[in-house]
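Enquirer: Predicted model, plus sequence, below.
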Amino acid sequence: MRYPCAAALLATLVLAWSPAATAQREAASLGPARRDAASLGPAPRGDDGRFTNPGGPLAHGGIRVQLPFFLRRVAGAFRSRPGAPEAVPNDGAFLRENARHSTPTVTWIGHATLLVQMDHVSFLTDPTWSDTASPVSFAGPRRYVPPGVALEDLPPIDFVVVSHNHYDHLDVATLRALAQRDPHTRFLVPLGNGDLLRRNGIDDVGELDWGESEEIAGVRVHCLPARHWSKRGLRDDNRALWSSWAVVGPTRSFYHAGDTGWFDGFARIGEVFGGFDLAAVPIGAYEPVAMMHDAHLNPEEAVRAVLALGARRSVGMHFGTFDLTDEPLDEPPRRFRAAAAPEGLAPDSAWVLRIGETRPF
């Protein structure tokens with residue numbers, strides 16, 4: 001086992017609008033992507049069948065870094081930290097009405113959970129409504145800000161994409177609730193994650209490798225590379241795949257980076273898809289650096305990723321919602337904004353939303 005710790009400690013680690021598209025741009029992004037995205041896969045595996053990252057294994061820091069980090073996280077369960085993201089009320093009324101009209105919008109639910117509406121579909125990324133990001137409800141990293149929209153106030157959800165199996169991204173309780181709420185919701189996961197959902201009564205599951213895609217309700221959903229890792233138990237390291245996702249429709253394109261460190265795949269993805277209307281990039285969970293750098297973006301790297309992807313607008317995510325890592329909760333958005341400006345990314349193109357905020361793109 002790479003990280004010897006009890007279940008609550010394991011959970012801590014296992015965590016760590018634009019104008020309408022023209023016909024010319026649709027031809028440049030939608031059509032070629034259907035032909036070329038397959039070149040982004042398959043995901044590499046080692047001789048033991050476990051998934052690996054291009055460029056070699058990730059560094060997670062030694063015991064002198066890990067042990068103090070775990071102790072700080074345990075202490076964090078008994079205290080509050082300042083700087084949690086601001087929240088705004090959202091009763092879901094506009095979102096439910098918009099499911100018919102399909103104004104392209106993104107709503108930050110919290111952490112890596114976004115509700116996106118475009119091209120007459122509504123979908124969720126890495127949905128988690130739980131109070132803790134943990135295998136047990138009574139321990140583990142706790143939620144500082146409630147979800148931006150109550151589960152029962154959501155519009156009908158056409159599909160869900162999950163980036164990997166860490167507890168702050170694959171929340172079985174939430175996925176089960178979404179499946180029970182609407183049997184027509186489709187769940188897309190990277191390879192090796194389907195059995196977990198099926199064991200929990202979620203049957204409408206698609207399992208994809210990097211470079212594979214599925215068409216749902218008139219949009220195409222692509223499973224794409226990321227630089228990360230997977231683990232839910234004691235000995236299942238990298239048995240399941242991790243990914244980013246792209247959703248490409250007739251008028252809009254959206255990219256969700258999931259959870260990832262910096263890698264040159266961002267540029268290749270940008271080339272294949274001809275850029276994106278909106279890219280959601282993680283900007284938090286980067287300290288301690290020795291432990292987090294290979295698997296998470298810091299805010300400056302997130303800006304580099306946006307540029308490499310050719311995204312016309314971006315939204316920062318994966319910060320401030322759960323008590324996961326050491327950086328101050330309000331530092332990631334400040335650094336993201338500060339890094340975006342020198343690169344020519346205006347505030348109206350590098351977004352930091354309030355939890356519950358809906359914004360057109």
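Expert: Done, it's in. Numbering: from 1, shown residues only.

Enquirer: Strands of the stretch 201-350 of the chain, start to end?
Expert: Per DSSP state E, counting those that start in this stretch, the stretch 201-350 of the chain has strands spanning 205-208, 213-216, 219-224, 244-248, 253-256, 278-282, 314-317, 350-351. These are given in chain order.

Enquirer: neighbouring strands for the first one, and are they parallel or not?
Expert: Applying DSSP bridges to the sheet, strand 205-208 is found paired with strand 186-190 (parallel).

Enquirer: what's the nearest residue to A340 if we skip its chain neighbours?
Expert: Taking Cβ to Cβ, 6 or more residues apart in numbering as the measure, A340 lies nearest to A350, with 3.7 Å between them; neighbours along the chain are not counted. Glycine gets a C-beta too; all of them are placed from N, C-alpha and C.

Enquirer: Verify the stated contact: that neighbour with F336.
Expert: Yes: shown here, A350 and F336 form a contact pair, counting by Cβ atoms under 8 Å, at 6.7 Å.

Enquirer: of these two, who's got more company?
Expert: Summary of the neighbour comparison: A350 and F336, criterion other Cβ atoms under 10 Å, with F336 having more neighbours (27 against 24).

Enquirer: how close does that one get to H164?
Expert: Counting by Cβ to Cβ, to the nearest Å, the separation of F336 from H164 is 22 Å.

Enquirer: Also Q180?
Expert: For Q180, the distance to H164 equals 23 Å [Cβ to Cβ].

Enquirer: The two: who's more crowded?
Expert: In terms of neighbours (other Cβ under 10 Å), H164 is the more surrounded of Q180 and H164; the figures are 27 against 11.

Enquirer: Look at the more buried one and report its pLDDT.
Expert: The predicted local distance difference test score for H164 is 98.

Enquirer: Tell me which residues touch the residue nearest to it when sequence neighbours are not counted, please.
Expert: Taking Cβ to Cβ, 6+ apart, and ignoring the residues beside it in sequence, H164 has W242 as its nearest neighbour in space, at 3.6 Å. Contact criterion Cβ atoms under 8 Å, 6 or more residues apart in numbering gives F51, S163, H164, N165, P190, A226, H228, W229, S230, G258, D259, T260 as the residues in contact with W242.

Enquirer: Just list the residues touching the fifth one, thanks.
Expert: Under the criterion of Cβ under 8 Å, 6+ apart, the neighbours of P190 are 43, 162-164, 207-210, 223, 240-243.

Enquirer: The third one now?
Expert: With contact set as Cβ under 8 Å, 6+ apart, H164 has these partners: 170, 190, 193, 226, 228-230, 240-243, 258-259.

Enquirer: Next: the second one.
Expert: When contacts are counted by Cβ under 8 Å, 6+ apart, S163 touches 112, 125-126, 169, 190, 226, 228, 242-245, 256-259.

Enquirer: Any regions of the chain where pLDDT drops low?
Expert: Counting by pLDDT under 70, the chain has low-confidence residues at 1-35.

Enquirer: repeat that with 50
Expert: Judged by pLDDT under 50, the chain has its weakly predicted residues at 1-30.

Enquirer: center of it, which residue is that?
Expert: Here the mean C-alpha position of the chain is nearest to the C-alpha of G258 (Cα atoms, centre = their mean), at a distance of 2.9 Å.

Enquirer: what's the distance between the nearest residue to it once chain neighbours are set aside and V88?
Expert: Spatial nearest neighbour of G258, excluding adjacent residues (Cβ to Cβ, 6+ apart): S163 at 2.8 Å. With the distance defined as Cβ to Cβ, S163 ends up 25 Å from V88.

Enquirer: Quick check, R337 in contact with P347.
Expert: Yes: judged on Cβ under 8 Å, R337 makes contact with P347 at a distance of 7.0 Å.

Enquirer: Could I get the full set of helices for the stretch 51-200 of the chain?
Expert: 63-76, 93-101, 172-181, 194-199 (DSSP state H, counting those that start in this stretch).

Enquirer: want to throw the ones you listed into JSON lines with distance to F273?
Expert: Shown next, in JSON lines, are the helices of the stretch 51-200 of the chain (distance: least, Cβ to Cβ, whole Å):
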{"stretch": "helix 63-76", "distance to F273": "36"}
{"stretch": "helix 93-101", "distance to F273": "25"}
{"stretch": "helix 172-181", "distance to F273": "27"}
{"stretch": "helix 194-199", "distance to F273": "25"}
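
Enquirer: Nearest to S39 among these would be which one?
Expert: Nearest to S39 among the helices of the stretch 51-200 of the chain is helix 194-199; the distance by Cβ to Cβ comes to 24.0 Å.

Enquirer: buried ones in that closest one?
Expert: Of the residues in helix 194-199, those buried under the neighbour-count criterion (16 or more other Cβ atoms under 10 Å) are G194, L196, L197.

Enquirer: Let me know the closest of the residues you listed to G265.
Expert: Comparing the buried residues of helix 194-199 against G265 with Cβ to Cβ places G194 closest, at 23.3 Å.

Enquirer: got the contact list for R186?
Expert: R186 is in contact with D158, F159, V160, D204, V205, G206, I216, counting by Cβ under 8 Å, 6+ apart.

Enquirer: Just give the number of residues close to the second one.
Expert: Close neighbours of F159, defined as other Cβ under 10 Å, add up to 21.

Enquirer: Likewise for the fourth one?
Expert: A count of neighbours around D204, defined by other Cβ under 10 Å, yields 16.

Enquirer: What of the first one?
Expert: Other residues lying near D158 total 21 when counted by other Cβ under 10 Å.

Enquirer: Tell me where the stretch 51-200 of the chain has strands.
Expert: 105-110, 113-118, 121-125, 159-161, 186-190.
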